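Asks: for reference, the sequence and a predicted model appear below.
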Amino acid sequence: MEKKSFHLMCTLAIIVFPEIFASQPGPCRQLVQKYAPSKIKGKMIHRSLYLDIYSKRTTKVKPLSLCLREIFPPATMQNYTVLDTDNTNFVVLYKCEYNPVSLSHIESVNTYTKLRTPKAATLKRISQAYKKNGLQESKVLYLCQ
């Protein structure tokens, strides 16, 4: 089931937002804050994706209301850096792949929460993880609201 939901999300993302996998010029960003790998295990909700698109979006993307529970950590989340976690209720994962031939990168951030509607303190920490590392929250696609 885990692989099916991941593939469904990727397919949906490619169709709805083809710019998700568009390369961005330059090297990967330098992260301000990183944490040790998360110790969370068990069912989590894939709450959001960060869309690194080069062109400016003119309309705000509405949440998809696709609350998919996944067993954490998913096998597809290898080589991710933890931007923040409390090792209980949430984790924010970052990955950047640099292509030295094209001198470009592809960046992604995935947020997982234990609850469908996290507490305000959890949402604040997730937001701070984005801000501290220069990630624009306007580029977040909320899957579960």
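Replies: Sure, I can see it. Predicted model, so just to flag it, every value in this text is computed and none were measured.
Asks: which helix or strand contains the residue of the chain most remote from its centre?
Replies: Ranked by distance from the centre of the chain (CA atoms, centre = their mean), the top residue is V101, with 25.4 Å. Using DSSP states H and E, V101 maps to neither a helix nor a strand.
Asks: how many residues are close by N89?
Replies: 17 (other CB atoms under 10 Å). (Glycine included, C-beta is placed from N, CA and C.)
Asks: and the residue farthest from the centre of the chain, how far from D84?
Replies: Distance of V101 to D84, given as CB to CB, to the nearest Å: 32 Å.
Asks: and L66, by the same measure?
Replies: Distance from L66 to D84, counting by CB to CB: 23 Å.
Asks: more crowded one of those two?
Replies: Comparing L66 with D84 by neighbour count (other CB under 10 Å), the higher total belongs to D84, at 23 against 16.
Asks: apart from its neighbours in sequence, what residue is nearest the more buried one?
Replies: A129 (3.7 Å; CB to CB, 6 or more residues apart in numbering).
Asks: check contacts around the one you found.
Replies: Taking CB atoms under 8 Å, 6 or more residues apart in numbering, we find A129 in contact with 33, 83-84, 92.
Asks: restricted to strands, list these.
Replies: Within the contacts of A129, residues falling in strands by DSSP state E are 83-84, 92.
Asks: need the residues you listed in a markdown table (columns: pLDDT).
Replies: A markdown table is the format used below for the ones in strands among the contacts of A129 (pLDDT from 0 to 100):
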| residue | pLDDT |
| --- | --- |
| L83 | 94 |
| D84 | 94 |
| V92 | 94 |
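Asks: now do the helices in this protein.
Replies: Using DSSP state H, the helices of the chain run over 2-16, 120-132.
Asks: count the neighbours of L141 for me.
Replies: Residues lying near L141 (other CB under 10 Å) number 17.
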